[in-house]
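Please work out how this folds:
(4 chains)
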Protein chains: 2
Amino acid sequence: MSDERRKFTRESAEQRKLALIEATLELVAEKGVRGATVRGIADRAQVTQGLIRHYFSSKEDLITAAFEHHMMQMTGLTFAPVAKVKGSAREQLRVFVQSSLMPPVVDPRSIALWAGFLNKVQHDAQMKDVHAKTYVHFRDQLEGLIRAALEEADMPTEPGQLYRLSTACNGLIDGLWMEGGALPEAFAPGELSQIGLYSVGAIIGLSLVD
Amino acid sequence: MSDERRKFTRESAEQRKLALIEATLELVAEKGVRGATVRGIADRAQVTQGLIRHYFSSKEDLITAAFEHHMMQMTGLTFAPVAKVKGSAREQLRVFVQSSLMPPVVDPRSIALWAGFLNKVQHDAQMKDVHAKTYVHFRDQLEGLIRAALEEADMPTEPGQLYRLSTACNGLIDGLWMEGGALPEAFAPGELSQIGLYSVGAIIGLSLVD
DNA sequence: GACCTAATTATACACTTGCGCAATTGGCTC
DNA sequence: GAGCCAATTGCGCAAGTGTATAATTAGGTC
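This is a model prediction of the structure:
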C-alpha cells in the first residue's frame, strides 16, 4: 500500500475541472456515457464523488463539457500540422490529408469517443450543434484547400463540382479514419496516408504524390 | 384503456426470440447497450422481464444475438441488389456502390446501432470476430467486383494496387455511409450515390457514370 | 494565531439495474 | 376432459445509479 496521495488537497478550479473532464473522456471511451458513472469518474480523477457536483451542476453538464473539450482537441490536432506549412496550396492539401490519416488523429480512443457520444449528440441539441459545427468546419477547410490547389494548377472548378469533390474527399478521409481506428492492426503505419493521398488525388484530378 | 393485449399468450420460440431481438435493437439504437435494460426490452416486446432469461441465458447473450442478427441483416441488404444484376462487371459494381449509399443501407438507425455496439465489439471477443468477418466480407466482395470490372475493361491490375484501390473505395463508401446516416438532412436523395459513383470511378480509373 | 470561506469529504436517499426463483397459466397428449 | 410440462408471470434481492446535503478540512486574511 504505497498510495502516497493525501486525502485532502486543494487544487485550482481549472486544474480540477480538467482532471474531471479527462477522467470522463477515459471512461466514456472505455464504457460509453452510461458506463462513465460519477463514482468511476471521481475515482479516476482521484477525488470523491461529491466534488463533481461542486464543479459541474450535474453529470449531464460534465458530459457536455467533456464532449466540447474533446471536439476542440480533435480540431486542434487536425489543423495544427497544416497551419505550419507555408508551401504551395497543393503541399498544404497534401499535409492536411496525410496528417488526418495518421496518429494522433487516427486513434482507437477517438473512434470509441465518437461512438460513445453519438447517442447524446443525436438527442441533445447543444451537443448536436457542436458536432455539426465541427463537421462543417472540417469540410469547409478541406474545400478551401482543394479549391486553392486546383486554381494553383490552372484547373478552375465550378462551385457545384467543387462541393461534390469536397464531400467525396471528406467521406473518404472520414471512412479511412474510422477504419484505421476501428481495426488498428489491419493497416501498416503510413498505409492509410498513402492510400488517402492517392485517392484524393484521383478524385480531384490532381496528383498529391511525387 | 383500450389495451387489448392478453396477459398470457404462448408463442413459438423463434417468434419470441425474434421479437426480443428486434426490441433490443430498437433500444440499443435509441440509448446504447447500457440503456437497453431488460425491463425496457421486455416492455417493447410485450412480455415481462422474467421471460428474457427463459430464452437467453443473460442480457449479454441477448445483446450478442441481437448484434449478430443485425449484422446478417445488413449484409443481406447490402448484397441483395447486386445479386439480382446479371449485366457486365462494371454494371454490377455500379449497382453495388449505388445501393450501398442509399436507403435502407444508409439509415440513421444503422449508425446508431454501429455506435451503440462498438464498445462491446472492442471488448467482447465473439462480437469482435463477427464484426471483423463482416468487414472483411464486404471488402473482399468489393475487391472482386473491382477486379472483374477492370479486367473486363482490359485494365489488369497487380494485387498490391488492387488491394489499395479496394481499401480506398471501401473507406469512401463507409465514410459516405456514415455521413449520410449521421447527418441525414445534409444530403438530397441520390446525392450520396452520385458522389460515390463518380469517386469510385475516379479512384479505379474506370468511370461508372454514363 | 484565530477566523472565515470555499474546497473536499462522507453519508444518506430514492431509484434503477441484472438476476434468481417460486408461482401461475395455457396448450398438448392420452 | 384430466393431467402434465413448458411458457410466462410476479416478486424480491443485492448491487449500483445520480443527486442532495451536512460535516470536515485547508489555506489565505487580518
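
what's near enough to touch A:Gly32?
For A:Gly32, the contact set (Cβ atoms under 8 Å, 6 or more residues apart in numbering or on different chains) comprises A:Ala115, A:Gly116, B:Gly32, B:Val33, B:Arg34, B:Asn119. Using the backbone N, CA and C atoms, a C-beta is placed for each residue, glycine as well.

How about A:Asp43?
Taking Cβ under 8 Å, 6+ apart as the test, A:Asp43 contacts no residue whatsoever.

That one and A:Phe56, how far apart?
Counting by Cβ to Cβ, to the nearest Å, the separation of A:Asp43 from A:Phe56 is 16 Å.

next one: A:Arg109
22 Å.

If you count surrounding residues, which of the two has more?
Between A:Arg109 and A:Phe56, counting by other Cβ atoms under 10 Å in any protein chain shown, A:Phe56 is the more crowded of the two (20 against 16).

Just give the closest residue to that one, not the sequence neighbours.
A:Leu62 (4.1 Å; Cβ to Cβ, 6 or more residues apart in numbering or on different chains).

got it, and A:Lys17?
A:Tyr55 is the one closest to A:Lys17 (Cβ to Cβ, 6+ apart), at 5.4 Å.

so how far is DNA strand D from the one you found?
Per Cβ to the nearest atom of the strand, to the nearest Å, A:Tyr55 is found 12 Å from DNA strand D.

likewise A:Met72?
23 Å.

Need phi/psi at A:Ser58.
phi -170, psi 170 (degrees, to the nearest 10).

so, in contact with chain B or not, the helix or strand encompassing A:Ile203?
Assigned by DSSP states H and E, A:Ile203 belongs to helix A:191-204. Yes: judged by Cβ under 8 Å from any Cβ of the partner chain, helix A:191-204 and chain B are in contact via A:Gln194, A:Ile195, A:Gly196, A:Tyr198, A:Ser199, A:Ala202, A:Ile203.

Tell me how many other residues surround the nearest residue to the fourth one once chain neighbours are set aside.
The one in question is A:Tyr198. Leaving aside its chain neighbours, A:Tyr198 sits nearest to A:Val209 (6.1 Å; criterion: Cβ to Cβ, 6+ apart). Neighbours of A:Val209 under the rule other Cβ under 10 Å: 9.

What pLDDT is listed against A:Val209?
For A:Val209, the pLDDT comes out at 93.

Next, work out how far apart A:Tyr135 and DNA strand D are.
28 Å.

Phi, psi for the residue in chain A positioned nearest to DNA strand C please.
Residue nearest to DNA strand C within chain A: A:Gly50 (2.4 Å; Cβ to the nearest atom of the strand). For A:Gly50, the backbone dihedrals (degrees, to the nearest 10) come out as phi -60, psi -30.

Can you check the pLDDT for it?
For A:Gly50, the model assigns a pLDDT of 94.

next one: A:Gly196
With respect to pLDDT, A:Gly196 has a value of 98.

Same question for A:Asp129.
pLDDT, A:Asp129: 95.

mind checking how far it is from A:Leu208?
A:Asp129 is 33 Å from A:Leu208, by Cβ to Cβ.
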